[in-house]
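> need a 3D model of the sequence below.
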Amino acid sequence: MLLAGAAIVSAGMVFGEAGKKPTVEPAKTQAKKTFDTINQAYEKGDINTLLSNIASDATLTLIGVNDGSFYAGYENVKNALKKAAEIRSAYKCKTAEQIIKLNNASDVAWIAQKNDCTFTTAEKTTNVTIRSTAVEVKKGGKWLLIQSHDSIGTP
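Next comes the predicted model:
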């Protein structure tokens, strides 16, 4: 969650035993691993791991839960993540649900995630559900985050 997761043959499809339908499971597992790595790096405030798992181009987009939390382009997202990492210790989140879908070519992944979070300040502790959606693309054999959006769930 930000501010707010085999052998490839022809068009990205993976083929198992003869006569069996193609599967995208290995690619899905790789996309999940990237998203989980991003979430873990964010939890730890590990900015270098975060930046190594996001796309470094102008199409990168990050939308947070606050008004004005819209960042487009690598440099803007990088700066936002650095600022967010500084305050990350104020809250803890646990993934409650995660769904990952891939396109037929297995080079784009869509991720939906529900997170149960606890925000602690000097004054109080607040429990909040944050919904996250993300898109990853496979570039140069590596899954990279290209879009992320977080929103606070309704009670």
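
> so which residue is dead centre in this structure?
Per Cα atoms, centre = their mean, the C-alpha nearest to the average position across the chain is that of residue 35, at 4.3 Å.

> from memory that one sits against residue 145, does it?
Yes. Using Cβ atoms under 8 Å, residue 35 is in contact with residue 145, at 7.4 Å. Every residue, glycine included, has its C-beta placed from N, CA and C.

> quick check: neighbours shared by the two?
Counting by Cβ atoms under 8 Å, 6 or more residues apart in numbering, the shared contacts of residue 35 and residue 145 are 134, 136.

> for the residue nearest to the centre of the chain, report the pLDDT, please.
For residue 35, the pLDDT comes out at 92.

> could you list the low-pLDDT ranges of the protein?
1-24, 89, 153-155 (pLDDT under 70).

> what about the helices in it?
25-44, 47-52, 74-87 (DSSP state H).

> if we ignore the residues flanking it in sequence, what's nearest residue 135?
residue 147 (4.1 Å; Cβ to Cβ, 6 or more residues apart in numbering).

> please disregard the earlier target; I meant residue 117.
In space, residue 117 is closest to residue 93, 4.1 Å off (Cβ to Cβ, 6+ apart).

> how about the contacts made by the one you found?
By Cβ under 8 Å, 6+ apart, the neighbours of residue 93 are 1, 43, 115-118, 130.

> need the residues you listed in a markdown table (columns: neighbour count and distance to residue 74).
As requested, the contacts of residue 93 are exported to a markdown table (neighbours: other Cβ atoms under 10 Å; distance: Cβ to Cβ, whole Å):
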| residue | neighbour count | distance to residue 74 |
| --- | --- | --- |
| 1 | 21 | 20 |
| 43 | 16 | 22 |
| 115 | 21 | 25 |
| 116 | 15 | 30 |
| 117 | 19 | 26 |
| 118 | 13 | 31 |
| 130 | 21 | 24 |
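
> how are the strands of this protein distributed by residue range?
Using DSSP state E, the strands of the chain run over 61-63, 70-72, 91-102, 108-120, 125-139, 142-152.

> tell me the bridge partners for the closest residue in space to residue 126 that isn't next to it in sequence.
Take residue 126 and drop its neighbours on the chain: the residue closest to it by Cβ to Cβ, 6+ apart is residue 119, 4.7 Å away. Counting by DSSP bridges, residue 119 is bridged to residue 91, residue 126.
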